[in-house]
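Asker: Return a 3D structure for these sequence lines:
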Amino acid sequence: MRAMNYQQVPFFRIFLSFVAGVILSQLFIDIWDTIIVGLFILIVTLVALQQIPKFWTIVFFLLSILSGFIHTRLFQSSSLATYYQSEELPINEYKGRVLDLKDKGARIHMTLEIYEIQSSPNLRIKEKIVMTVKNPSQELKALSFGDCIEFLTRLKVPQQNLNPGGFNYREYLKYQNIRYQCYLKTEDIKILGQNQGNTLLKIAHKQRKKFIASLKKYIHREQEFAIAAAMILGERDYLDKRLRNTFSETGSMHVLAVSGLHVGIVSMLLMLVLKIIPDRNRFIKILKTIGMLIGIWGFAMVTGLAPAVLRAATMFSFFMIGKLWTERINIYNVLFGSAFLMLLYDPLLVFNLSFQFSYLALFSIVYFYPLVSSFLVFNSFLANKIWDLVAVSISAQVLVFPLTVIYFHKFPVYFFLSGVIAIPIAFLVLCIGILLILNFVSVWLNSFLGILLQDVLSFFIWSMKGIQNLPNAVLQNIYLDTFSVLIFYLSCIVFMIQHSFNYRKKLLTVLAFLFTLLLYQNIKHTHEEKQEFIKLYHDRDELTIDCIKGHVAYSFQGLDKEFTHDFRNQAGIEKVVPLRNIEGSLGLQRHIDDNLNEKIQIVLISEIDQSDREKFDVVLIDQPFEEGLEQFLNMDSKYILLSNLNWKQYYQWLKILKRMNIEYYDLRMSGAIDLLEFTQKAKLK
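Answerer: Presented below is the predicted three-dimensional model:
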């Protein structure tokens, strides 16, 4: 294992402090809050490292944090919000440039860069938005990078996640520096011109389309073509849900995205080609390095300059340029230096899942691979090579598995088996694929290569499905909270950077962190045993409720609904019991009275005449407003507009409730709610 001496890795310190500033920019508005928290982080870090802080150390650390904070705030500043002095924008006519287009058949999704507002043509604007067009024309489907359009719309802030723990689309767009979206029809859009974007990027996108067409010409099976397009060119739009699921559950999804593995293979091929030229002098060495850089960035270009490829190409560029100066390169400086450079380009990459997985996996491999690979040594050459592949997979998972769990709530048990197959096949597919798309050889040889590539990919798909079907191939519905993950990574960081400590002290430090983690988990589990709440979900189809007591969720019409799973994992639910033979709110009320300590009176407004109670804590509005319902509305009850009302019914009820000055909760717009907490807050008022 190669120890990381943090004093010899300046980019490690710069990177960590800069990242701290980026994260703080999303948590704090006041810059003084950032300075105070930065000082606290500095003191804790220095105490952990048993270092006495020096004045210039403190100054450098704070300046790095402030740089990350200010750079991120400037990067996220919105041109439109500044122009209108508000997040709420009026209807206006805009001109925008196409950055990306996804054709989904009945609709297209475009990422645009707005460069002009019709009302202020002289104003320079640069704002990324997302546009969805229903039933698009063929002309709109044919749009590509750099094409310009004009459209009239009201740009809106994307709706936030309305059920706890689920995918947050607004946050996802926010970390791509996108604040607004719009929905339009074909007739609302006017095409202004074509090929008006960045020339280099236009060439890259055009060449990519050409290569995809070449793959399609020689690979005729649908699934094999989808895998080839993903592995060679990073085009994942052709992958269907089942295929994605197969590779996700076997831990081999990373090979379907052009990434560091692919750039590494290209680099190795280039090195083999350039090895025939001897390094007679420094000039030849510089020329070979330039050739390597041109080859790597050329590959990055034809893959559409995907973010993962940019990261890997930047990292390899750091490495090769460093080799010109010295043969002994500190790989950690290369790793953190390239990461820091990427964050200067786009600080929001810190929150990008692909960025996190790429750098953590590589960092984990660099540090842990020598340790893991030394556990076993075989006399057989083949056995050692297979063990090396397994060791790489295990090493990568050390730092990556917490992210896998926290994002996907599942973990592929046989990831090491898929790694043994996926890495050699990725090398083979890339070698054949590059020859195929470049058309260096004759048509008949291209046809042979196409058949060979198709058969290799068929074996790959077959083997991944075989691993997926093994017993207990995936651990499902597992959950780690942010604090647990933080404790884990802190223990890893301290273990890695305490180069001056002996292994006994390192082990004691890690054990202390693990003890803290186990203690926290025990306290959390005990707290969850006492929890009680009634979660009313945002569901556009029907009333969906979980009555939660301890680690058991009694589910009313929500047993198999996907949007409930993440919250149940988060709440530590170990068992879900369906509430059967319950008709409406009266049956639900009986269950609440019999099983929960906290009492609450709930009724559907459609059943209010069936009950003998005169006062209710919560009235759920589930039907259109009818004459005579006004007599049941009173100021003592709390009203909730359910999500399954259609828009006409919804606006009708809004008008009635506002006219009668009755307090209500809007489930459609505000999302899921805990009814017990909702009524308790109301009583305190």
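Asker: so where do the helices sit in the stretch 251-400 of the chain?
Answerer: 260-274, 282-302, 307-325, 331-345, 353-373, 381-408 (DSSP state H, counting those that start in this stretch).
Asker: name the helices or strands packed onto the first one?
Answerer: Read it as helix 260-274. helix 282-302, helix 307-325, helix 415-438 (3 or more Cβ pairs under 8 Å, 6 or more residues apart in numbering; DSSP states H and E). In short, each C-beta sits where N, CA and C put it, glycine included.
Asker: re the thing from before, is it possible to export the helices of the stretch 251-400 of the chain to JSON lines including distance to residue 454, mean pLDDT and mean neighbour count?
Answerer: Formatted as JSON lines, these follow (distance: least, Cβ to Cβ, whole Å; pLDDT from 0 to 100; neighbours: other Cβ atoms under 10 Å):
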{"stretch": "helix 260-274", "distance to residue 454": "19", "mean pLDDT": "75", "mean neighbour count": "18"}
{"stretch": "helix 282-302", "distance to residue 454": "21", "mean pLDDT": "80", "mean neighbour count": "16"}
{"stretch": "helix 307-325", "distance to residue 454": "24", "mean pLDDT": "77", "mean neighbour count": "19"}
{"stretch": "helix 331-345", "distance to residue 454": "35", "mean pLDDT": "86", "mean neighbour count": "20"}
{"stretch": "helix 353-373", "distance to residue 454": "28", "mean pLDDT": "84", "mean neighbour count": "19"}
{"stretch": "helix 381-408", "distance to residue 454": "24", "mean pLDDT": "85", "mean neighbour count": "17"}
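Asker: Which one, of those, ends up nearest to residue 182?
Answerer: helix 307-325 (24.6 Å; Cβ to Cβ).
Asker: just the CA coordinates of that closest one, formatted as CSV?
Answerer: Output of helix 307-325 as CSV, limited to C-alpha atoms (Å, rounded to 0.1, in the frame of the first residue of the first chain):
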residue,chain,number,x,y,z
PRO,A,307,-18.1,14.9,-18.5
ALA,A,308,-16.6,11.6,-17.5
VAL,A,309,-14.3,11.6,-20.5
LEU,A,310,-13.3,15.2,-19.8
ARG,A,311,-12.3,14.2,-16.3
ALA,A,312,-10.3,11.2,-17.4
ALA,A,313,-8.6,13.1,-20.3
THR,A,314,-7.7,15.9,-17.9
MET,A,315,-6.2,13.4,-15.4
PHE,A,316,-4.2,11.6,-18.1
SER,A,317,-3.0,15.0,-19.5
PHE,A,318,-1.7,15.9,-16.0
PHE,A,319,0.1,12.6,-15.7
MET,A,320,1.8,12.8,-19.1
ILE,A,321,2.9,16.4,-18.8
GLY,A,322,4.3,15.6,-15.4
LYS,A,323,6.2,12.7,-16.9
LEU,A,324,8.1,15.2,-19.0
TRP,A,325,9.7,16.7,-15.9
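Asker: Next one: residue 106 from residue 136, what distance?
Answerer: 9 Å (Cβ to Cβ, to the nearest Å).
Asker: Which one's more surrounded, these two?
Answerer: Shown here are residue 106 and residue 136; by other Cβ atoms under 10 Å, residue 136 has more neighbours (23 against 8).
Asker: so the more buried one, which of the three states?
Answerer: With DSSP: H, G, I helix; E, B strand; the rest coil as the basis, residue 136 sits in coil.
Asker: Pretty sure residue 109 is one of the things it touches, is it not?
Answerer: No. Residue 136 is beyond contact range of residue 109, at 10.1 Å (criterion: Cβ atoms under 8 Å).
Asker: Which one of the helices and strands packed on helix 260-274 lies nearest to residue 272?
Answerer: Of all the helices and strands packed on helix 260-274, helix 415-438 comes closest under Cβ to Cβ, at 10.6 Å.
Asker: and that closest one, what's its mean pLDDT?
Answerer: Averaged over helix 415-438, pLDDT sits at 84.
Asker: What are the contacting residues of it?
Answerer: Under the criterion Cβ atoms under 8 Å, 6 or more residues apart in numbering, residues 211, 214-215, 218, 228, 231-233, 250-252, 255, 261-262, 265-266, 269, 302, 386, 389-390, 392-394, 397, 412, 441, 446, 449-450, 452-453, 456-457, 459-460, 463-464, 467 lie in contact with helix 415-438.
Asker: Following the chain onward from it, which element is next?
Answerer: helix 443-468 (DSSP states H and E).
Asker: Counting by contacts, list what that following helix packs against.
Answerer: Checking 3+ Cβ pairs under 8 Å, 6+ apart, helix 443-468 ends up next to helix 199-218, helix 222-233, helix 241-249, helix 415-438.
Asker: buried set for stretch 443-461?
Answerer: For stretch 443-461, burial by neighbour count (16 or more other Cβ atoms under 10 Å) applies to 446, 449, 450, 453, 454, 456, 457, 460, 461.
Asker: Let me see the mean pLDDT of it.
Answerer: Mean pLDDT, stretch 443-461: 87.
Asker: so which of the helices and strands packed on helix 443-468 comes closest to residue 532?
Answerer: Taking Cβ to Cβ, helix 241-249 is the member of those nearest to residue 532, at 34.8 Å.
Asker: Just the mean pLDDT for the closest one, thanks.
Answerer: 86.
Asker: orientation of it relative to helix 381-408 in degrees?
Answerer: Orientation check (axes from the mean of the first three to the mean of the last three Cα atoms, to 10 degrees): helix 241-249 against helix 381-408 gives 110 degrees.
Asker: And helix 241-249, what does it pack against?
Answerer: helix 222-233, helix 443-468.
Asker: Next, format these as a markdown table and append distance to residue 323.
Answerer: A markdown table is the format used below for the helices and strands packed on helix 241-249 (distance: least, Cβ to Cβ, whole Å):
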| stretch | distance to residue 323 |
| --- | --- |
| helix 222-233 | 27 |
| helix 443-468 | 33 |
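Asker: what's the closest of those helices to residue 534?
Answerer: helix 443-468 (37.6 Å).
Asker: Surely residue 192 is within a strand?
Answerer: Yes. The assignment for residue 192 (three-state DSSP) places it in a strand.
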